[in-house]
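Peer 1: output the structure for:
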Amino acid sequence: MQHDCLFCKIASGALPAHKIYEDDHILAFLDLHPIRAGHSLVIPKAHYVWFEDLPEKLATRITTCAQKIARAQKIIYQVPRVSMFFTGIHVPHAHAHVVPMHHVHDVTSAAYLHDGIEAFSTPPQADAQELSDIATIFSNHMID
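Peer 2: Just a heads-up that it's a prediction; the model follows:
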């Protein structure tokens with residue numbers, strides 16, 4: 001536990017949260033600043049800053065929990081899709097967001113908003129050679 005980490009404090013019980021799931025390794029709770037009602041966070045109880053640092057079994061546990069939350073969100077909010085993504089922008093503790101999507105742009109990038117909020121713009125297609133070069137670079141840097 002990092003003593004100055006907001007999510008470590010929540011995981012330890014030092015700060016309150018609206019918990020929706022908890023076991024010995026992970027905790028899921030409602031986001032205080034939701035994109036949509038039901039927006040949930042799933043965190044490891046142990047402190048990991050980046051999601052890529054999570055042990056594989058722990059990452060799988062988080063994803064499995066997020067799937068269960070997503071199924072519940074679809075029923076509760078009557079939405080056709082739910083988004084799950086990891087960030088670490090505001091709190092440096094690996095965490096997955098699980099967001100019921102009422103609108104196509106609930107969790108979108110500005111790259112898709114070229115034609116306005118009610119449209120869904122496809123960003124320009126990347127050059128095939130550039131994609132090939134990037135794929136080659138990735139193949140040389142993938143680490144187990």
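Peer 1: from now on I want contacts and neighbour counts done on CA atoms only, so please keep to that.
Peer 2: Noted.
Peer 1: which parts of the protein are strands?
Peer 2: 19-22, 26-30, 40-44, 81-87, 95-101 (DSSP state E).
Peer 1: the last one pairs with which strands, parallel or anti?
Peer 2: Using DSSP bridges, strand 95-101 pairs in its sheet with strand 40-44 (antiparallel), strand 81-87 (antiparallel).
Peer 1: give the contact list for the residue most central in space within the chain.
Peer 2: Among the residues of the chain, Phe85 comes closest to the average C-alpha position under C-alpha atoms, centre = their mean, at 2.5 Å. With contact set as C-alpha atoms under 8 Å, 6 or more residues apart in numbering, Phe85 has these partners: Ala96, His97, Val98.
Peer 1: how about the last one: what's its closest non-neighbour residue?
Peer 2: The spatial neighbour of Val98 that comes closest, neighbours along the chain excluded (C-alpha to C-alpha, 6 or more residues apart in numbering), is Met84 at 4.6 Å.
Peer 1: list the contacts of the residue nearest to Pro92 when sequence neighbours are not counted.
Peer 2: Of all residues not flanking Pro92 in the chain, Val49 sits nearest, at 5.1 Å (C-alpha to C-alpha, 6+ apart). With contacts defined as C-alpha under 8 Å, 6+ apart, Val49 is in contact with Gly88, Pro92, His93, Ala94.
Peer 1: same question for Asp24.
Peer 2: Lys45.
Peer 1: need the phi and psi values for it.
Peer 2: Taking degrees, to the nearest 10, you get phi -70, psi -20 for the backbone angles of Asp24.
Peer 1: check what pLDDT it gets.
Peer 2: As predicted, Asp24 sits at a pLDDT of 97.
Peer 1: for Gly88, same thing?
Peer 2: In this model, Gly88 carries a pLDDT of 71.
Peer 1: so how far is Ala14 from it?
Peer 2: 21 Å (C-alpha to C-alpha, to the nearest Å).
Peer 1: for the chain, which helix is longest?
Peer 2: When the chain is parsed with DSSP state H, its longest helix is helix 56-77.
Peer 1: which strands and helices sit next to that helix?
Peer 2: Applying 3 or more C-alpha pairs under 8 Å, 6 or more residues apart in numbering; DSSP states H and E, one finds that helix 56-77 contacts strand 26-30, strand 40-44, strand 81-87, strand 95-101.
Peer 1: kind regards, and thank you for your time.
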